[in-house]
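Visitor: with the sequence up front, the predicted model follows.
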Amino acid sequence: MSDLFSLGGKSALVTGGAQGLGRMIAEGLLRAGATVAITSRKTEICEQAAAEMGSIGRCIPLPADLSTAEATVELAQRYREVAGQCNILVNNAGRTWGGPVESFPDKAWPGVMAVNVQTPFTLVRELLPELAAAGTELDPARVINIGSVAGIKPEKLQAYSYAASKAALHMLTRDLAGDLAARNITVNAVIPGYFPTKMTAHMRDDDEVDSALLAHIPLKRLGRPDDIAGLVIFLCSRAGSYITGAQIPVDGGVVGCG
């Protein structure tokens, strides 16, 4: 049981791993023993985060703007060169856009759908040789797609392209899980609720959280780093090797109790 949740000897790529949920996940994977490569659009932020997390374990900065397929293909090649194997791919990088339906612009769609849906697919496709080589019947390679409660139930966020993209990502997860099972690769979606990130900054004032938001969450609090990291570690470890095609909320009950 001592190594049930160990990720020692494994290599992971976490997109958007320099900040927010991605950093929470990256730190958790590092503490579990994995080597972790992280991305961020801004080179300085990516390198600084990797340096800070380097005190936990080996963390590799790979700055990348994943808004185009070409940049995503290039990232896969750069990851291949510096890390070699890929046991874990966490598709966390995301983009959002909010606004009233009457004025919600057409330009709010292509970029959001590209980063939130196409980029995860492209990374899986490009890293498929490494994932397949890393997986075995009893210890598959793992793909974790970071979805959203907004892609499961209406959250009245007026983030139409974001919600639609996350619903698409959840379905993509199931499709890929079925297609890649025979190659010893599991694919699961983690469905976060409300965490203290940039995406919820408008609902918080420093440490004070909008009381209406807390009333919306059955457990009456925002998520903490251990909440998201613990679930991802579980899915990537020996403990989660028999799970694929799942969509698992980590949301304080927003989905399950709603």
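Guide: Perfect, thanks for sending it.

Visitor: tell me where the stretch 101-250 of the chain has strands.
Guide: Secondary structure of the stretch 101-250 of the chain (DSSP state E, counting those that start in this stretch): strands at 141-146, 185-192, 204-205, 208-209, 247-250.

Visitor: looking at those, which is buried most?
Guide: strand 141-146 (a mean of 27; mean count of other C-beta atoms under 10 Å). Every residue, glycine included, has its C-beta placed from N, CA and C.

Visitor: quick check: angle from that strand to strand 185-192?
Guide: Inter-element angle recorded for strand 141-146 and strand 185-192: 20 degrees (by axes from the mean of the first three to the mean of the last three C-alpha atoms, to 10 degrees).

Visitor: may I have the strands that pair with strand 141-146, each with its orientation?
Guide: Here strand 141-146 has these sheet partners by DSSP bridges: strand 88-91 (parallel), strand 185-192 (parallel).

Visitor: list of residues touching that strand?
Guide: Residues from elsewhere that reach strand 141-146, judged by C-beta atoms under 8 Å, 6 or more residues apart in numbering: 21-22, 25, 86-92, 94, 120, 124, 130-132, 134-135, 169-170, 172-173, 176, 180, 184-190, 192, 232, 235-236, 240.

Visitor: same check, this time on stretch 212-222
Guide: The contact list for stretch 212-222, computed with C-beta under 8 Å, 6+ apart, reads G193, Y194, F195, P196, T200, M203, V209, D251, G252, G253, V254, C257.

Visitor: same check on stretch 104-120?
Guide: By C-beta under 8 Å, 6+ apart, stretch 104-120 touches 15, 66-69, 72, 91, 93-97, 99, 145, 158, 160-162, 164-166, 168-169, 172.

Visitor: check which residues of it are buried.
Guide: F104, A108, V112, M113, A114, V115, N116, V117, Q118, T119, P120 (16 or more other C-beta atoms under 10 Å).

Visitor: neighbours of the residue lying closest to A177 once chain neighbours are set aside, just the number please.
Guide: Ranked by C-beta to C-beta, 6 or more residues apart in numbering and with sequence neighbours excluded, the top spatial neighbour of A177 is G245, at 3.6 Å. When neighbours are defined as other C-beta atoms under 10 Å, G245 has 16 of them.

Visitor: need phi/psi at G245.
Guide: Dihedral angles of G245 (phi, psi; degrees, to the nearest 10) stand at phi 80, psi 10.

Visitor: tell me which residues touch it, please.
Guide: Residues in contact with G245 (C-beta under 8 Å, 6+ apart) are T173, R174, A177, G178, V187, N188.

Visitor: let me know the closest of those residues to S55.
Guide: N188 (29.1 Å; C-beta to C-beta).

Visitor: separation between the residue nearest to the closest one when sequence neighbours are not counted and L231?
Guide: Spatially, and ignoring its direct neighbours in sequence, N188 is nearest to A246 (4.8 Å; C-beta to C-beta, 6+ apart). Applying C-beta to C-beta, to the nearest Å, one obtains 11 Å for the distance of A246 from L231.

Visitor: where does pLDDT dip in the chain?
Guide: 1, 199-207 (pLDDT under 70).

Visitor: if we go to 80?
Guide: 1-2, 197-208 (pLDDT under 80).

Visitor: from G57, how far out is H170?
Guide: From H170 over to G57 (counting by C-beta to C-beta), the distance is 30 Å.

Visitor: from the contacts of stretch 104-120, keep the buried residues only.
Guide: Here, 16+ other C-beta under 10 Å leaves 15, 66-67, 72, 91, 93-97, 145, 160-162, 164-166, 168-169, 172 buried among the contacts of stretch 104-120.

Visitor: ok, the closest residue to A167 other than its chain neighbours - contacts?
Guide: Excluding its sequence neighbours, the residue lying closest to A167 (C-beta to C-beta, 6+ apart) is G151, at 4.1 Å. Neighbouring residues of G151 by C-beta under 8 Å, 6+ apart: A163, A164, S165, K166, A167, A168, L169, H170, I191.
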